[in-house]
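build the 3D model from these lines:
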Amino acid sequence: MPGPSLLPLACLALLSTALLLTATWTDCWVVNSDDSLEVSHKCQGLWRACVTNLLDGIRTCDQYDSILATHPRRRVLTRSLLLVAGLLCSCGLVALLLTLTRAQLLGTDPRTRIRLAWAAGCLLAAGGFPGALGSLWFAVEVAMERTLPTQPRGPLTGYYEWGWSCWLGIVGSAGCMATALGLACCLPGLWLPGRRGPGHQIRSRLHPPIYILDSSV
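Now for the predicted structure:
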């Protein structure tokens, strides 16, 4: 059975998917301060922007007006890619967890579970790639904006840096792709011990062995 061998990969997939979903719905993708005195701390996310007053600790958030409204390119692209990545990785995680259970709907054939594990690996890889692409695109856009010569310079202009949500998106996406790579490496060796594999079984059914009797006395 592939279950015990896939348990570490399932734990990695669970952690990575949780990080990816957390990054999608949290609001600290980019961090900046309003002035050089650092009296406030502002986080901008994919769905809203929050400002924390460092003097009294009061935190206020502004929800973006509409999903269809005009937003910066990095926000729209990252939002779309992270939503797709979260959906695909969640489906891959569910498929991988099903291979660890004794669900009756999967039947008794171990090859069904292995095929499901292959499907889980494909879903995790397909979800990790857009997640990594969106997170890295966002990080590059922030870095480029910081180095633009048109940005205002001065003691009260503030600064930009990557927030922890951006890092969670990168780490979660990398974890999903690492899980898919681990499945691709482990699954070929998870056939039932003592059997030669499904290809040999199919060939044996198509070409049964021929026995030659020695009739000599």
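
only C-alpha atoms from now on, for both contacts and neighbour counts.
OK.

OK, contacts around the closest residue to residue 126 other than its chain neighbours?
Nearest non-adjacent residue to residue 126, counting by C-alpha to C-alpha, 6 or more residues apart in numbering: residue 88, 6.8 Å away. Residue 88 makes contact with 123-124, 126-127 under the criterion C-alpha atoms under 8 Å, 6 or more residues apart in numbering.

residue 88 and residue 120, how far apart?
To residue 120, residue 88 is 9 Å away according to C-alpha to C-alpha, to the nearest Å.

and for those two, which residues touch both?
Common neighbours of residue 88 and residue 120 (criterion: C-alpha under 8 Å, 6+ apart): none identified.

pLDDT score assigned to residue 51?
Residue 51 is assigned 83 on the pLDDT scale.

burial measure for residue 60, as a count.
By the criterion of other C-alpha atoms under 10 Å, residue 60 has 11 neighbours.

surely it and residue 50 touch.
Yes: shown here, residue 60 and residue 50 form a contact pair, counting by C-alpha atoms under 8 Å, at 5.5 Å.

hang on, the earlier thing: let's see if you can find the most crowded of the contacts of residue 88.
residue 124 (34 neighbours).

state which helix of the chain is the longest.
Assignment by DSSP state H gives helix 110-147 as the longest helix of the chain.

now the element after that one, going C-ward?
With elements assigned by DSSP states H and E, the helix or strand that comes after helix 110-147 is strand 160-162.

you'd agree residue 97 is in a strand?
No: going by DSSP: H, G, I helix; E, B strand; the rest coil, the assignment for residue 97 is helix, not a strand.

can you tell me the closest non-neighbouring residue to it?
Nearest residue to residue 97, sequence neighbours excluded (C-alpha to C-alpha, 6+ apart): residue 10, at 6.6 Å.

so who does that neighbour touch?
Listed by C-alpha under 8 Å, 6+ apart, the contact set of residue 10 reads 93, 96-97, 179.

which one of these sits in the busiest neighbourhood?
When neighbours are counted by other C-alpha under 10 Å, residue 96 leads the contacts of residue 10 with 30 neighbours.

that residue is in contact with residue 117, isn't it?
Yes: using C-alpha under 8 Å, residue 96 is in contact with residue 117, at 5.5 Å.

give me the buried positions along stretch 177-189.
Judged by neighbour count using 16 or more other C-alpha atoms under 10 Å, the buried positions of stretch 177-189 are 177-181, 183, 187.
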